[in-house]
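Peer 1: sequence-free structure coming up:
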């Protein structure tokens, strides 16, 4: 299981925005939409073992968490409007502290970064920063990671402190600073490669056992 | 310099489509839009050494090439509607065999795959296929590549033959088959890493020379 967390500092927190203007009227919701798509889609299918957690901190009611669960997700296409529309539908629900179901595989609740991080206790938290250790060097050791990122404004000092306080590992992905959705693609690829290598080496061990 | 080529088999070839329905009315133009964005954007800027070449083969007038030149490109934002809008503007121009200027950094001409490939003679052509050699193994040897890909339908047998006939190298990017825009992100990252390593090793040699 992989979880992706994206913090949308300006992302609108009610459904009152236009799908024709996700960057403007919805507070750079286009960024979150691209992240949803990069996190969940592969050729001819969806990553059923991936969840996406969007922390929305914009006006008018900051502190909402929308969760996409790959396992049960329906009605999502790869284009920005499609994820924008599912986000909008979720925001039209009355959000409380517990998750409320919106559409198949999509949930919403009230919450802040701290409460979100507490959901992931015991799992490996990966946090992107330019001075981090190259994920390529240790991807094979990672199980059930949470990958956490900011939007175009990054993360605030306070948020970073909270993230590091719960034991996040600081990672880097290459020499150039990239958009959040591109980072998700790179993390997935690194973990896909690592899982595939693990399978090959396990199969090798099995074969040896049979000999 | 890097060039990205994407073949859009269904992509509409006049400007008569709605930016509110890029997947439907524009013949999966959303795929090409995401490719443009993945090819050109980095954090807080644009890859000025990258060009994107879209080959549009849908109705009503198949065989148009739209070229985005990173060096001069203006008015492009990372969201799908933004690239969709520049594509639409280009399609409203009268396309002839030679490139016609549309907006800053965007050009359009009539052409097919063969005429497009002939533009790139002498450069390294990379073509993605699951049985290809892992790009990670030889990225450091690559200079001025063209990376060529299909859309959600892949490439036809005839197209593949043309691509291989001009000497394309068959590459793979990992164990899972991905969307075209995700592949672009992975190719960029591999080439970014290779360039960065080359710079470091050149600097090492320079320093030695000074000693």
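Peer 2: In hand now; what should we look at? For clarity, every value in this text was computed on a predicted model and none was experimentally measured.
Peer 1: End to end on stretch A:108-123, go ahead and measure it.
Peer 2: Length of stretch A:108-123, first residue to last, Cα to Cα, to the nearest Å: 22 Å.
Peer 1: which parts of that stretch are buried?
Peer 2: Within stretch A:108-123, the residues that count as buried by 16 or more other Cβ atoms under 10 Å in any protein chain shown are A:108-111, A:113, A:116-117, A:120. All C-beta spots, glycine's among them, are computed from the backbone N, C-alpha and C.
Peer 1: Columns distance to chain B and secondary structure on top of those residues, output as CSV?
Peer 2: Output for the buried residues of stretch A:108-123, formatted as CSV (distance: Cβ to the nearest Cβ, whole Å; DSSP: H, G, I helix; E, B strand; the rest coil):
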residue, distance to chain B, secondary structure
A:108, 23, strand
A:109, 27, strand
A:110, 28, strand
A:111, 27, coil
A:113, 21, helix
A:116, 24, helix
A:117, 24, helix
A:120, 24, coil
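Peer 1: now these as a markdown table including distance to residue B:91 and pLDDT?
Peer 2: Putting the buried residues of stretch A:108-123 into a markdown table (distance: Cβ to Cβ, whole Å; pLDDT from 0 to 100) gives the following:
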| residue | distance to residue B:91 | pLDDT |
| --- | --- | --- |
| A:108 | 39 | 98 |
| A:109 | 44 | 98 |
| A:110 | 45 | 98 |
| A:111 | 45 | 98 |
| A:113 | 44 | 98 |
| A:116 | 44 | 96 |
| A:117 | 47 | 96 |
| A:120 | 46 | 95 |
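Peer 1: Roughly how far does residue A:113 sit from residue A:198?
Peer 2: For residue A:113, the distance to residue A:198 under the criterion Cβ to Cβ, to the nearest Å works out to 32 Å.
Peer 1: any weak-confidence spans in chain A?
Peer 2: Along chain A, the parts satisfying pLDDT under 70 run over A:204-211.
Peer 1: Which residue lies nearest the spatial centre of it?
Peer 2: Residue closest to the average C-alpha location in chain A (Cα atoms, centre = their mean): residue A:4, at 2.1 Å.
Peer 1: That one and residue B:64: what is the separation?
Peer 2: With distances defined as Cβ to Cβ, the gap from residue A:4 to residue B:64 amounts to 37 Å.
Peer 1: which parts of chain A sit against chain B?
Peer 2: Among all residues of chain A, those adjacent to chain B (criterion: Cβ under 8 Å from any Cβ of the partner chain) are A:19-20, A:22-23, A:30-31, A:34, A:37-38, A:41-44, A:77-81, A:152, A:173-179, A:182, A:185-186, A:189, A:192-193, A:195-196.
Peer 1: out of those, which are inside strands?
Peer 2: When these are checked against strands (DSSP state E), the matches are A:41-42.
Peer 1: Are any of the residues of chain A next to chain B buried, and if so which?
Peer 2: Using 16+ other Cβ under 10 Å, the buried ones in the residues of chain A next to chain B are A:19, A:22-23, A:30-31, A:34, A:37-38, A:41, A:78-81, A:173-174, A:176-179, A:182, A:185-186, A:189, A:192-193, A:195.
Peer 1: Can you show me the helices along chain A?
Peer 2: Counting by DSSP state H, residue ranges of the helices within chain A are A:29-40, A:80-91, A:113-119, A:157-165, A:180-210.
Peer 1: Give me the helices and strands touching the fourth one, please.
Peer 2: With contacts defined as 3 or more Cβ pairs under 8 Å, 6 or more residues apart in numbering or on different chains; DSSP states H and E, the packing partners of helix A:157-165 are helix A:113-119, strand A:124-134.
Peer 1: What residues of that helix count as buried?
Peer 2: Of all the residues in helix A:157-165, those buried under the rule 16+ other Cβ under 10 Å are A:159-160, A:162-163.
Peer 1: which residues does the residue nearest to the centre of chain A contact?
Peer 2: Residue A:4 makes contacts with A:35, A:39, A:50-53, A:146-149, A:184, as judged by Cβ atoms under 8 Å, 6 or more residues apart in numbering or on different chains.
Peer 1: Return the closest of those residues with respect to residue A:14.
Peer 2: residue A:53 (19.0 Å; Cβ to Cβ).
Peer 1: Residue A:7 is in contact with the closest one, correct?
Peer 2: No: the criterion here is Cβ atoms under 8 Å, and residue A:53 misses it with residue A:7 at 9.6 Å.
Peer 1: could you dump the buried residues of stretch A:108-123 to TSV with distance to residue A:97?
Peer 2: As requested, these are exported to TSV (distance: Cβ to Cβ, whole Å):
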residue	distance to residue A:97
A:108	11
A:109	6
A:110	5
A:111	7
A:113	15
A:116	12
A:117	15
A:120	17
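Peer 1: and the closest residue in space to residue A:74 that isn't next to it in sequence, how many neighbours does it have?
Peer 2: The shortest distance from residue A:74 to any residue other than its chain neighbours is 3.8 Å, reached at residue A:104 (Cβ to Cβ, 6 or more residues apart in numbering or on different chains). Other residues within reach of residue A:104 by the criterion other Cβ atoms under 10 Å in any protein chain shown amount to 12.
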